[in-house]
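J.: let me see the structure of the following:
(one chain, ligands or ions: 1)
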Amino acid sequence: MNYTTALTTCTYCGCGCNFYLEVLDGKVIGTIPCKTSPTNEGKLCIKGWNVHEFVQNPKRLTKPLIRKNGQLLEADWEEALDFTASKLKEIAGKDGPDSLAFLASAKLSNEENYIYQKFARAGVGTNNIDHCARL
Ligand code: SF4
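T.: Presented below is the predicted three-dimensional model:
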C-alpha cells in the first residue's frame, strides 16, 4: 500500500481553509484539517470535511456532453471546445459580450477559477462572472 498526504486549500468558499488530502494507492480517501494553518487552526466545516468525496464519485462527468436533437451525447474534447467557442463567438458577435455569463465551480482549484474569470473578463470582455460558492 502507498499512503501519502497532500497539503492543499479548500475550494468550496473564500475562507481558504487548509487541509491534507489522504491518498491511498492513487485514490483520494480522506481529509485531515491542517492544525498549523492560521486560517482554520485545525478546524473545518462539514463541506471541508467531505471535500474529497466528489473526486472519485461515479456520477462525476468525465467527458463533455453536447445536446443534439434534445439528447445529451458524449463528445470528444476537441469537438466540445470547437462547439463552445463557435457559440460564444456567435452570441457575443450578435448581442455583445455582456449577453454572456460565466459560472465557475467550487469543484475547480483556485488557480483554475482564476484562469476562468480571466478568460471571461480579458478574453471575452464581460464582468458577468460568478461562482457557485455564493449561491
Ligand atoms: S472548510 Fe468550510 S469554511 Fe473552510 S474553506 Fe472549505 S467551505 Fe469554507
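J.: sec struct for Thr5, please.
T.: strand (DSSP: H, G, I helix; E, B strand; the rest coil).
J.: check contacts around it.
T.: Applying CB atoms under 8 Å, 6 or more residues apart in numbering to Thr5 gives the contacts Tyr20, Leu21, Glu22, Val23, Ile32. In short, each C-beta sits where N, CA and C put it, glycine included.
J.: who does it form a beta bridge with?
T.: Glu22 (DSSP bridges).
J.: list buried residues within the contacts of Thr5.
T.: Buried by 16 or more other CB atoms under 10 Å: Leu21, Glu22, Val23, out of the contacts of Thr5.
J.: in JSON lines, list these along with pLDDT and distance to Pro97.
T.: Shown next, in JSON lines, are the buried ones among the contacts of Thr5 (pLDDT from 0 to 100; distance: CB to CB, whole Å):
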{"residue": "Leu21", "pLDDT": "96", "distance to Pro97": "37"}
{"residue": "Glu22", "pLDDT": "97", "distance to Pro97": "43"}
{"residue": "Val23", "pLDDT": "96", "distance to Pro97": "41"}
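J.: rewinding a little: would you point out the most distant pair within the contacts of Thr5?
T.: Val23 and Ile32 (11.4 Å; CB to CB).
J.: and the chain, what are its domains?
T.: By the assignment in automatic domain parsing, the chain contains the domains 3-54, 65-134.
J.: before we move on, the earlier item: quick one: which of the contacts of Thr5 is nearest Lys59?
T.: Looking across those and measuring by CB to CB, the closest to Lys59 is Leu21, at 20.0 Å.
J.: quick check: that closest one touching Thr31?
T.: Yes - with contacts counted by CB atoms under 8 Å, Leu21 reaches Thr31, the gap being 6.3 Å.
J.: now for those two: what residues contact both?
T.: Common contact partners of Leu21 and Thr31 (CB under 8 Å, 6+ apart): His52.
J.: the ligand contacts on the chain?
T.: Cys10, Tyr12, Cys13, Cys15, Gly16, Cys17, Asn40, Leu44, Cys45, Lys47, Gly48 (CB under 6 Å from any ligand atom).
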